[in-house]
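A.B. asks: Mind folding the following:
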Amino acid sequence: VQLVESGGGLVQPGGSLRLSCAASGFALDSVAIGWFRQAPGKEREGVSCIDGSDAITYFTDSATGRFTISRDNGKNTVYLQMNNLKPDDTGVYYCVGTLPFGSCDAREIHEYAYRGQGTQVTVSS
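C.D. replies: Okay, here's the model as predicted:
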């Protein structure tokens, strides 16, 4: 079982990025997939989650209206579209997954069974 993130990079404030989380070893539509982020000197923070029935949870108010989580079952990939990025969005973004039939009720990263290596997002002018 493996989760691999991609799509991070350097972007100016107001710009957009789309992060991808590609899974291997299991079908994404059977688990909940979440995105967490860690900024330098700050606590790790949950961003968003999508479960096997496509129910979506946003863990932080700052993501609502700017970030969109989605899943492509054919590609076994979950995406996090991030628009109107702000410097406070800077950090390492991690993709995490539950065991089968898990839910987005898990609000702490340690509650997820699987985690990717992370992808760096830097928002700076």
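A.B. asks: okay, CA-based contacts and neighbour counts for the rest of this
C.D. replies: Will do.
A.B. asks: and the residue most central in space within the chain, what does it touch?
C.D. replies: When C-alpha atoms, centre = their mean is applied to the chain, the residue found nearest the centroid is Trp35 (2.3 Å). Going by C-alpha atoms under 8 Å, 6 or more residues apart in numbering, Trp35 touches 46-49, 80, 93-96.
A.B. asks: same deal with Phe26?
C.D. replies: Val1.
A.B. asks: Mind telling me what element the residue nearest to the centre of the chain is part of?
C.D. replies: Assigned by DSSP states H and E, Trp35 belongs to strand 33-38.
A.B. asks: ok, residues contacting the next helix or strand along the chain from that strand?
C.D. replies: Later in the chain than strand 33-38, the nearest helix or strand by DSSP H and E is strand 45-50. Residues outside strand 45-50 that contact it (C-alpha under 8 Å, 6+ apart): 32-38, 56-60, 63, 69-71, 104, 107-109.
A.B. asks: Skip ahead from strand 45-50 and say which helix or strand is next.
C.D. replies: Sequence-wise, the next helix or strand downstream of strand 45-50 (DSSP H and E) is strand 56-58.
A.B. asks: Report the strands that pair with that following strand, each with its relative direction.
C.D. replies: Here strand 56-58 is paired, per DSSP bridges, with strand 45-50 (antiparallel).
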